[in-house]
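>>> Give me a 3D structure for the following:
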Amino acid sequence: MSAKPIVYSCSGCSSAAQLANHFALQLDREGRADMSCIAGVGGHVAPLVRLARSGRPMLALDGCVLACVRETLAQHGLTPTVHVRLDAFGVKKLKKADFDPAQARALYPRVLEQLAAGVSQDAPN
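Residues are numbered from 1 along each chain as shown. Have a look, this model is predicted:
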């Protein structure tokens, strides 16, 4: 990918959602992507929808099979360049629990590989 991608993440209440958000923040802080707000896209906030439609590559990080980020983008006719579902990497969705930092350290290089390759890692539906 030539232009810095926009990264959107799930930010729900489960451990998987928070891991997706953690990865998005890490990509943003490292300068690998620019994080934007998927809630704003879902809420039809004009500047955020314009950014999503800007033509820049998009990385969607979803924690689970619900794929809320991908579905929110689809409401605007958008398809992410790369879609990663963390459940495809064996991440469990736990309620009222934090993500496992050791699992985060182990999986982050795989997220980077997906971003670099520009391919999606979806589990079969």
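
>>> Every contact and neighbour count from this point should use C-alpha atoms.
Fine.

>>> just how off-centre is the longest helix along the chain within its chain?
Counting residues, the longest helix found in the chain (DSSP state H) is helix 101-117. Offset of helix 101-117 from its chain centre (CA atoms, centre = their mean, to the nearest Å): 12 Å.

>>> what do you get for stretch 38-46?
Relative to its parent chain, stretch 38-46 has a centroid offset of 15 Å by CA atoms, centre = their mean.

>>> picking that back up, mind giving me the packing neighbours of the longest helix of the chain?
helix 15-29, strand 82-85 (3 or more CA pairs under 8 Å, 6 or more residues apart in numbering; DSSP states H and E).

>>> Report all helices and strands that the last one contacts.
In terms of contacts (3+ CA pairs under 8 Å, 6+ apart), strand 82-85 is packed against strand 58-62, helix 101-117.

>>> Give the buried residues for the longest one.
Residues of helix 101-117 classed as buried by neighbour count (16 or more other CA atoms under 10 Å): 107-108, 111, 114-115.

>>> got any ranges where this protein has weak pLDDT?
Flagging of the chain using pLDDT under 70 yields the residue ranges 1-2, 119-125.
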